[in-house]
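Chemist: Structural data only, the sequence is not supplied:
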């Protein structure tokens, strides 16, 4: 006999838990099921700090059973496929589960296989990644004795798009404090055209790059790693526009092999792996042409199936994939489902693309990028109560917010469905 839930949520991450918690606060009699196979729920934004040796990894995880909201049913299983025409999904162990409304929020998955040699580089420890093992990143930084320290990211969308550069700044600061700067080349290579798309944040970060002497390489798309010789290969996507910052006196050993291919030897490599929607989503009828969940950018309702909503990292939204974005997306989904249940209509609230990226620029320093779909800088007025009057600049109070304030808000407010 098929299991049925009034509201079925796929994913026990930030988006899924917040959605369930807020729905139950509005109506505790709702029948909600949450499908999530993992035993531990992680607060991943702190992994940047773990990778820099300034946060305890154990503090970032809590048992899933403590996170599932009271009143929701935890289905510890894997989704294998969708049958939206029959309002049901298939799972690995439980079988068919049907629903009145479906919320798709499974997040994304790491796909290191999309870069040649990356799986082997991560497995052997030649490369490190805060996205996979932040403790190994810290070990790599501590044991670095000089040479080329390369930090890079893929051409795919990634969660927390600023994370690859945050760890570059922290590493550069660590090398400076430990008298390694003169022996080191810190390289930040990105397929993007700019260090950050929001102008006030970009201006601050370019000063940070100059201060540390970081070699900034825009239009560099990594595609291959030679683990035997410790060389990473990039395709230069816009060679005529590649106005890199090369510091005077640099000894960076970078070689072009023609056809816009660049190879850089490394002594340390930190990389954000390519990332995609989970296979069961990517292989379904619910995705757009690029393989992400196809939802309306304002209502977060699926473009074809009106009783399906999607949010979080899996959603095809033209904004950064962050927990801060989810914090603004959840109330829209909750409002829409609540009104559909009671009045059979969508709400009038609209998601404007808000996202936020706390960019740590060194130990004890941070800038806070808040922006919308149009790339407007939209700082929270509440920051003034922290005596932060320009969050586009580096500030020690923002560091305290990152290290202490945001984790507290996450566990005690967001995960419990409370207003933030």
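Modeler: In hand now; what should we look at? Small disclaimer: the values here were computed from a predicted structure and weren't measured. Residues are numbered from 1 along each chain as shown.
Chemist: right, and residue 176 touches residue 214 too?
Modeler: No - between residue 176 and residue 214 there is no contact under C-beta atoms under 8 Å: 11.0 Å. Where you see a C-beta, it was placed from the backbone N, CA and C, and this is true even at glycine.
Chemist: Between the two, tell me which one has more neighbours.
Modeler: Just comparing residue 176 and residue 214: by other C-beta atoms under 10 Å the higher neighbour count belongs to residue 214, 24 against 18.
Chemist: which residues sit in contact with the more buried one?
Modeler: 168, 169, 172, 186, 187, 188, 208, 245 (C-beta atoms under 8 Å, 6 or more residues apart in numbering).
Chemist: Downstream of the least confident helix or strand in the chain by mean pLDDT, the next helix or strand is which one?
Modeler: Comparing every helix and strand of the chain by mean pLDDT, DSSP states H and E singles out strand 255-256 as the least confident one, with a mean of 64. Sequence order places strand 261-265 as the next helix or strand after strand 255-256, per DSSP states H and E.
Chemist: average model confidence for stretch 122-136?
Modeler: For stretch 122-136, mean pLDDT is 98.
Chemist: For the residue nearest to the spatial centre of the chain, which residues count as its bridge partners?
Modeler: Among the residues of the chain, the one closest to the centroid is residue 159, at 1.9 Å (C-alpha atoms, centre = their mean). Residue 159 has these beta-bridge partners by DSSP bridges: residue 321.
Chemist: right, and it touches residue 322 too?
Modeler: Yes - Residue 159 is in contact with residue 322 according to C-beta under 8 Å; the separation is 7.3 Å.
Chemist: between the two, what contacts are shared?
Modeler: By C-beta under 8 Å, 6+ apart, no residue touches both residue 159 and residue 322.
Chemist: Any idea how many residues pack against the closest residue to residue 3 other than its chain neighbours?
Modeler: The spatially closest residue to residue 3, leaving aside those adjacent along the chain, is residue 97, at 4.7 Å (C-beta to C-beta, 6 or more residues apart in numbering). Residue 97 has 22 neighbours, counted by other C-beta under 10 Å.
Chemist: again, but for the one 3 residues further on
Modeler: By the other C-beta under 10 Å criterion, the neighbourhood of residue 100 contains 15 residues.
Chemist: quick one: what helix or strand has it in it?
Modeler: strand 96-104.
Chemist: Each with direction, which strands does that strand pair with?
Modeler: Short version: by DSSP bridges, strand 96-104 pairs with strand 3-10 (parallel), strand 88-91 (antiparallel), strand 308-310 (parallel).
Chemist: can you list the residues that contact the second one?
Modeler: In this structure, residues lying in contact with strand 88-91 by C-beta under 8 Å, 6+ apart are 2, 8, 10, 35, 75, 77-83, 96-99, 102.
Chemist: try it again with 7 Å
Modeler: 35, 77, 78, 79, 80, 81, 82, 83, 96, 97, 98, 99 (C-beta atoms under 7 Å, 6 or more residues apart in numbering).
Chemist: Whichever helix in the chain runs longest packs against which elements?
Modeler: Taking DSSP state H as the criterion, the chain has its longest helix at helix 323-343. Identification of packing neighbours for helix 323-343 by 3 or more C-beta pairs under 7 Å, 6 or more residues apart in numbering; DSSP states H and E yields helix 14-26, strand 308-310, strand 355-362.
Chemist: who touches the last one?
Modeler: Looking back up the chat, that one is strand 355-362. 48, 160-162, 166, 169-170, 173, 205, 208, 319-320, 322, 324-325, 366-371, 394, 398-399, 402.
Chemist: At which residues are the helices of the stretch 1-150 of the chain located?
Modeler: For the stretch 1-150 of the chain, helices defined by DSSP state H, counting those that start in this stretch occupy the ranges 14-26, 47-51, 64-67, 118-124, 134-142.
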